[in-house]
Structures are given as structure tokens and as C-alpha cells.
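From the sequence below, what's the structure:
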Amino acid sequence: MRTETPWSALPARDHLLAGAGAAGAPGAAGVPVLDVVVPVYNEEKDLEPCVLRLHEHLARTFPYAFRITVADNASTDRTPEVAERLARSLPGVRSFRLEEKGRGRALRTVWTGSDAPVLAYMDVDLSTDLNALLPLVAPLISGHSDLAIGSRLARSSRVVRGTKREFISRAYNIILRSSLAARFSDAQCGFKAIRREVAQRLLPMVEDTGWFFDTEMLVLAERAGLRIHEVPVDWVDDPDSTVHIVRTATEDLKGVWRVGRALAVGALPLDRLARPFGDDPRDRAIGGVPGGLARQLVGFCVVGALSTLFYLALYSLFRLGAGPQLANGAALLVSAVANTAANRRLTFGVRGRGGAVRHQAQGLVVFAIGLALTSGSLAALGAASGSPSHSTELAVLVAANLAATVLRFLLFRAWVFPDRDRDRDRGNPEPPARTPHDDPRNDR
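Sure thing, here's the model as predicted:
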């Protein structure tokens with residue numbers, strides 16, 4: 001998968017300047033605030049009424065300068081002629097021709113070359129009520145969100161469509177939630193927007209050029225921690241839609257498998273899409289607290305609580321066929337590997353495979369310290385009471401693990417995952433000797 005992205009993290013979001021058309025504001029020198037892309041393929045019949053209706057709506061209701069870009073995906077009918085005629089007759093409309101098919105290819109090409117700070121797209125059939133367009137892009141203009149999507153599956157959405165399409169849409173949503181842990185509600189609605197600086201970093205990571213483009217973009221954005229705003233939409237199905245449902249569904253499932261595998265092995269440098277912790281300066285620094293410590297403590301406590309439950313369950317299972325010391329050692333070893341992997345990604349933000357083996361080796365050293373504490377506690381309990389009950393053993397182990405947990409966090413932060421290792425594993429160069437091209441992951 002492509003990963004040619006800039007190396008620094010995204011800056012904090014800025015509210016776009018108000019009063020488009022004023023001196024120095026977006027739109028003042030022919031640069032619109034919003035660029036709406038309409039990807040088309042053989043739409044000579046629907047293209048003109050779509051663009052006319054969209055242009056009239058934006059001119060009447062949108063308070064900023066805008067542009068409508070017709071992206072023709074290698075149409076073989078009169079669609080290019082219609083697009084050129086509209087571009088000549090309507091201000092703020094342009095036509096763009098691609099010689100290869102693919103909605104994702106069209107969006108990537110036009111969005112990458114656009115100068116507008118907010119980029120959007122919608123289907124040519126205009127199934128989505130245009131009154132949702134301003135609510136869609138408003139959070140991006142204000143700096144509140146990074147991406148925005150229209151949702152037909154929101155509780156307050158009003159949708160008119162056939163049973164088959166409704167079933168397919170909801171089944172696809174279930175697949176995304178169960179396989180890729182997606183939390184957004186509607187990946188397929190042709191009504192989305194993105195901030196340009198996000199698109200510049202995110203789109204090179206998106207491999208699909210067809211209908212799965214939307215889903216892949218949203219999954220990667222969500223995994224990177226970008227903020228996705230959802231807008232309930234009113235939507236009326238187009239009975240003349242030319243989308244091939246079976247072929248599209250097959251390609252989508254292939255895409256789910258590909259993206260899931262890439263995420264599982266850490267093949268994507270999603271940390272390059274990270275925003276600062278809070279766009280409000282009050283959230284970026286806490287007096288007297290080292291940078292990142294507050295977030296790391298929360299993440300470590302969550303991982304630690306889950307690891308403790310996992311460890312106790314394993315101990316109880318192993319204890320059925322082994323003595324307390326052997327059961328404790330086996331349970332602690334398995335849970336330690338899982339704990340190190342979880343803390344590596346969730347607590348200390350280290351992604352990718354670089355340094356994973358070393359981190360696990362250092363984690364095992366930390367595990368050995370925890371083993372010494374818990375085993376010593378069990379030995380002391382056995383010497384004091386002879387044959388303690390299972391509940392007493394668990395209570396002693398919990399107390400010993402609490403002590404080991406404090407020590408584990410300090411060792412993780414200072415030794416296993418220090419700041420310099422996080423910077424290196426994220427791909428940030430260490431000046432002056434190292435450049436982005438030196439990172440071996442750039443060869444993937």
C-alpha cells in the first residue's frame with residue numbers, strides 16, 4: 001500500500017476565515033472555500049439537471065465562495081460535451097476528464113489537485129437532500145472536524161429505498177463494525193467532505209480506486225484518531241442507478257480483507273495523521289506534568305485492568321491442572337506478551353513492526369520482575385498458612401500485581417518506550433543525520 005506522506009504530524013485545525021471574497025479571505029483571488037466534485041460515467045442525461053440544481057442551491061444558500069468540479073471517468077457517451085458546456089456557461093463550474101474509470105481514482109485526482117480548503121463530493125443523481133450540504137461542511141470550515149459524512153442510517157434520517165438495498169447497506173455496516181471495528185454508521189452514502197490538509201496526508205494511503213475508496217478512507221481516518229462528523233440525511237433511492245451490486249459487494253469484501261490485514265500487521269504509518277492533543281492551548285500542556293503523561297496513565301490503567309482480568313482467568317484455568325507456581329508463571333507470561341503489545345500501541349503510541357521484537361524482549365524482563373514479586377508473594381503465603389484457599393491466593397496475587405503494575409509503568413515509560421523510541425518508530429527523523437528516506441519502512 002502507498003505510504004508516501006509527509007513526515008510531520010498534522011497541525012491543529014484552524015477556523016477558515018469568514019467573509020469569502022473579502023481581501024485576504026479564501027475566495028478572494030479565485031480560490032473557493034468549497035470544491036464539490038461530481039464523479040460521473042456516461043451520465044449525459046442526468047448531468048446537466050444535477051449541476052444546474054446544485055449550482056442554484058449553492059449560489060442561494062452557501063455563504064462562501066464555491067466551485068463545482070465535474071470529474072468524468074472515461075465516459076463514452078456525450079457526458080464530456082455536456083460537462084464542457086456547463087463549465088463555459090456557469091461561473092464556478094469546471095470540467096475534468098480522466099481516461100480511466102473509477103470513482104475513487106476521480107476523487108483522489110481532483111481532490112489532490114484542488115486549492116480549496118474544504119473538499120466534498122456527491123453522486124450525480126442527487127439522492128441526498130441538498131439542505132444537508134451546509135451542515136456537512138460547516139464542522140470542517142469551523143475547524144471542529146477533519147472529515148464529514150452523510151448518514152442514511154442515523155436515527156433521524158429519512159430514507160426512501162427498496163428492501164434489498166436497505167438490507168445490503170445494513171449488512172455491510174455490520175461487516176465493517178465486526179471486522180474493522182468501524183464506528184461510523186454509513187460508509188457508502190455518496191455525500192462526504194474532507195479538509196484539504198487531511199486529504200493531502202490521507203489519500204496517498206488509500207489504495208482502492210473504485211467504490212471501496214470511501215470505506216478505506218474512513219477506516220484509516222478513524223484508526224488514526226481523526227474526527228469524523230456525521231450528518232443525518234434525507235435520501236431517496238434512484239431506481240435507475242447503474243451500480244452493479246454483486247460486483248461492488250465482492251470488491252468491497254476484498255477491500256475489507258486487505259485493509260484489515262494491513263492494519264493488523266501495522267503496515268500503515270497512521271500516526272502521521274495525528275492531531276495535537278486538543279486544539280485548545282489549555283489542553284496541550286498541563287502544568288507540572290511531563291508531556292503525554294496524563295494520556296499514558298489513562299491508557300496504561302485501562303490496559304492494566306483488562307490484562308489483570310485476563311491474567312486471573314488464565315491462572316484459574318491453568319490452576320486446574322498445575323500447581324500455583326507453574327500456573328502463575330504461565331498465566332503471567334501469556335498476559336505479559338499481550339500487555340506489552342497493547343501498551344506499545346495504545347498507551348505509548350508506537351505503531352508499525354519496527355522495534356517490536358526488542359520491545360517484547362524488554363517487556364519480558366519487566367515480566368520477570370513481576371514474576372518475582374508474585375511468585376515471592378505466593379511462596380510467602382504458602383509458608384505462612386500452609387494450604388491457603390483459592391480466593392486467598394487470588395487476593396494475594398491482586399495485591400502483588402498492583403505493586404508490580406506501578407513498577408511496570410515506570411519501566412515502560414523510562415526504558416521500553418522512551419520518547420526517542422516513539423519518535424523513531426513513528427518515522428520522525430532525528431536531526432541532523434537522519435532523513436525520511438532513511439526509514440526502511442519507506443521501501444514497502
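
ok, the nearest residue to residue 10 once chain neighbours are set aside to residue 57 distance?
In space, and not counting its chain neighbours, residue 10 is closest to residue 275: 5.4 Å by CB to CB, 6 or more residues apart in numbering. Heads up, the C-betas are built off the backbone N, CA and C, glycines and all. With the distance defined as CB to CB, to the nearest Å, residue 275 ends up 32 Å from residue 57.

Let me see the backbone angles for residue 119.
Dihedral pair for residue 119: phi -120, psi 140, per degrees, to the nearest 10.

Same question for residue 322.
Main-chain torsions, residue 322, degrees, to the nearest 10: phi -150, psi 170.

Could you list which residues are in contact with it?
residue 330 (CB atoms under 8 Å, 6 or more residues apart in numbering).

Could you list the buried residues of the helix ranked longest in the chain?
Ranked by residue count and defined by DSSP state H, the top helix of the chain is helix 356-385. Across helix 356-385, burial judged by 16 or more other CB atoms under 10 Å covers 356, 359-360, 362-363, 366-367, 370-371, 373-375, 377-378, 381.

next one: stretch 380-399
381, 388, 393, 396-397.

now, among those, which is nearest to residue 126?
Minimum distance to residue 126 across the buried residues of stretch 380-399 is 62.8 Å, recorded for residue 397 (CB to CB).

how about residue 194, what does it touch?
111, 118-120, 140, 146-148, 202, 217.

Can you tell me which of those residues lies closest to residue 179?
When those are compared against residue 179 (criterion: CB to CB), the nearest one is residue 217, at 16.7 Å.

Is it correct that that closest one is in contact with residue 203?
Yes: assessed by CB atoms under 8 Å, residue 217 is found in contact with residue 203 at 7.3 Å.

Pick out whichever of the two has more residues nearby.
More neighbours surround residue 217 than the other of residue 217 and residue 203, with 25 against 21 (other CB atoms under 10 Å).

so who does the more buried one touch?
Residue 217 touches 147, 194, 202-203, 206, counting by CB under 8 Å, 6+ apart.

so can I have a markdown table of these showing distance to residue 310?
Below are the contacts of residue 217 laid out as a markdown table (distance: CB to CB, whole Å):
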| residue | distance to residue 310 |
| --- | --- |
| 147 | 34 |
| 194 | 38 |
| 202 | 34 |
| 203 | 38 |
| 206 | 35 |
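
Let's see which of those end up in strands.
When DSSP state E is applied, the contacts of residue 217 are split such that 147, 194 fall in strands.

which among the contacts of residue 217 gets closest to residue 251?
Closest to residue 251 out of the contacts of residue 217 is residue 206 (14.2 Å), distances taken as CB to CB.

was I right about that closest one contacting residue 105?
No: using CB under 8 Å, residue 206 is not in contact with residue 105, being 10.5 Å away.

higher neighbour count, those two?
Neighbours of residue 206 and residue 105, each counted by other CB under 10 Å, are more numerous for residue 206; the result is 24 against 19.

Can you read off the pLDDT for that one?
Here, the pLDDT recorded for residue 206 equals 94.

next one: residue 20
Listed pLDDT for residue 20 reads 47.

Strands of this protein, residue ranges please.
In chain order, the chain shows strands spanning 34-40, 66-73, 93-98, 118-122, 147-151, 158-160, 191-195, 228-232, 234-236, with DSSP E as the criterion.

And those strands: which comes nearest residue 311?
Closest to residue 311 of the strands of the chain, according to CB to CB: strand 228-232, at 34.9 Å.

I'd like to know which elements that closest one is packed against.
Counting contacts by 3 or more CB pairs under 8 Å, 6 or more residues apart in numbering; DSSP states H and E, strand 228-232 is packed against helix 133-142, strand 147-151, helix 213-223.

what about 10 Å?
Packing partners of strand 228-232 (3 or more CB pairs under 10 Å, 6 or more residues apart in numbering; DSSP states H and E): helix 133-142, strand 147-151, strand 191-195, helix 213-223.

How about residues contacting that strand?
Contacts with strand 228-232, where a contact means CB atoms under 10 Å, 6 or more residues apart in numbering, come from 128, 132-140, 144-159, 183-186, 189, 191-194, 218, 221-222.

shared neighbours of residue 217 and residue 203, anything?
104, 107-108, 194.

Which of those residues fall within helices?
Residues of the shared contacts of residue 217 and residue 203 located in helices (DSSP H): 104, 107-108.

Next, the contact list for the residue nearest to residue 132 when sequence neighbours are not counted, please.
Nearest non-adjacent residue to residue 132, counting by CB to CB, 6+ apart: residue 233, 4.6 Å away. Contact analysis of residue 233 by CB under 10 Å, 6+ apart lists 127-133, 135-136, 149-154, 156-159, 186, 189, 191.

next one: residue 338
Residues near residue 338 by CB under 10 Å, 6+ apart: 303, 306-307, 310-311, 314.
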